[in-house]
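>>> sequence and predicted structure below; questions after.
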Amino acid sequence: MSDTDLIYSQAHSQVKNFTFDAQVVEVFPDMISRSVPGYNTIIETIGRLSKQFAQDNSNIYDLGCSLGAATLAMRKGITATGCKIIGVDNSIDMVKRCKMHVEAFKGKTPVEIIEGNIQDIAIENASMVVLNFTLQFIDKSERQALLTKIAKGLKPGGLLVLSEKISSNDQRIDEVLIDLHHNFKRDNGYSELEVAQKRTALEKVMLTDSVEVHKERLAIAGFNHSSQWFQCFNFTSFVAIK
Ligand SMILES: Nc1ncnc2c1ncn2[C@@H]1O[C@H](C[S@+](CC[C@H]([NH3+])C(=O)[O-])CC(=O)[O-])[C@@H](O)[C@H]1O
Ligand SMILES: O=C(O)C(=O)Cc1ccccc1
């Protein structure tokens, strides 16, 4: 059990930009499940997809792995042999705790957790890559290059799972979806103040794109097929196949 997320429960005189520091790590599972509609469904589905898509003797990447939820789901799901799961995160606090999580459970597929920038690591001999709510923290101008690198590193038939908070090009729809998400957070026990302060903290560090922009980038990157398989409010997940 992780601690309850109370990070924005008191009024901050100045809300700092959100970072994945030790305080966030401590409450992360509680924070993400109370903030992201469908998070558990997405993690379970990543596990199911790994059974279908992991190819023998290939690498599986979890980019921006946080505490390793997707890594652990894939380690349970993979039936292919000779695979290796590589989890990467640039938060030293996340990586430390992630390694503990991974070691706490047994599984036959080996897992390596690396502290590093996903923009710098090589993607090679991959049959499956996961970007589960990570691309949204990368500079918009650098997103295409990252997706192109991933597509190049995937084997034919390889899969990318891309999950993101999204914005709508239609302002009225955008308002409705944001409102539904804020109501979801309030129903999960966050106060008006917590919702507002978190929103300010994320404003400059988490920039969202529309579904259309994501689909266009996936096509430019070299994916032959892509589709949303999940959407709840302004949160979505895509599958893209090379
Ligand atoms: N350039 C970068 N390089 C490496 N890591 C990065 C970078 N930028 C951000 N991160 C890392 O990406 C993760 C995003 S959380 C992913 C949840 C997880 N996938 C999950 O399935 O539970 C999503 C969220 O909290 O909204 C954090 O751990 C960052 O340190
Ligand atoms: O909390 C929010 O409002 C979000 O949009 C999702 C989220 C969840 C965890 C870290 C950063 C963003």
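Arrived safely. Ligands and ions are numbered 1, 2, ... in the order given.

>>> send the alpha carbons of whichever helix or strand S141 is part of over as PDB?
Element membership for S141, per DSSP states H and E: helix 140-153. Taking Å, rounded to 0.1, in the frame of the first residue of the first chain, the C-alpha atoms of helix 140-153 are listed here in PDB:
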ATOM      1  CA  LYS A 140       6.700  18.900 -28.200                       C
ATOM      2  CA  SER A 141       9.400  19.600 -30.700                       C
ATOM      3  CA  GLU A 142      11.200  16.300 -29.800                       C
ATOM      4  CA  ARG A 143       8.200  13.900 -29.800                       C
ATOM      5  CA  GLN A 144       8.500  13.000 -33.500                       C
ATOM      6  CA  ALA A 145      12.200  12.100 -33.300                       C
ATOM      7  CA  LEU A 146      11.500   9.800 -30.300                       C
ATOM      8  CA  LEU A 147       8.600   8.000 -32.000                       C
ATOM      9  CA  THR A 148      10.600   7.600 -35.200                       C
ATOM     10  CA  LYS A 149      13.500   6.100 -33.200                       C
ATOM     11  CA  ILE A 150      11.000   3.700 -31.600                       C
ATOM     12  CA  ALA A 151       9.500   2.600 -34.900                       C
ATOM     13  CA  LYS A 152      13.000   2.000 -36.300                       C
ATOM     14  CA  GLY A 153      14.000  -0.200 -33.300                       C
END
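
>>> ligand 2 contacts on the chain?
Where the chain comes near ligand 2, counting by Cβ under 6 Å from any ligand atom, the residues are M31, I32, S35, V36, K165, K198, L202, M206. Quick note: C-beta positions are derived from backbone N, CA and C, even for glycine.

>>> show me which of those are buried.
M31, I32, S35, V36, K165, K198, L202 (16 or more other Cβ atoms under 10 Å).

>>> list the buried ones in the longest helix along the chain?
Counting residues, the longest helix in the chain under DSSP state H turns out to be helix 171-187. Neighbour-count burial for helix 171-187 flags D174, L177, I178, H181, H182, F184, K185 (criterion: 16+ other Cβ under 10 Å).

>>> redo those as CSV? Include distance to ligand 1 and pLDDT.
Output for those, formatted as CSV (distance: Cβ to the nearest ligand atom, whole Å; pLDDT from 0 to 100):
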residue, distance to ligand 1, pLDDT
D174, 19, 98
L177, 17, 98
I178, 16, 98
H181, 13, 98
H182, 16, 98
F184, 15, 98
K185, 13, 98
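
>>> understood, closing this out.
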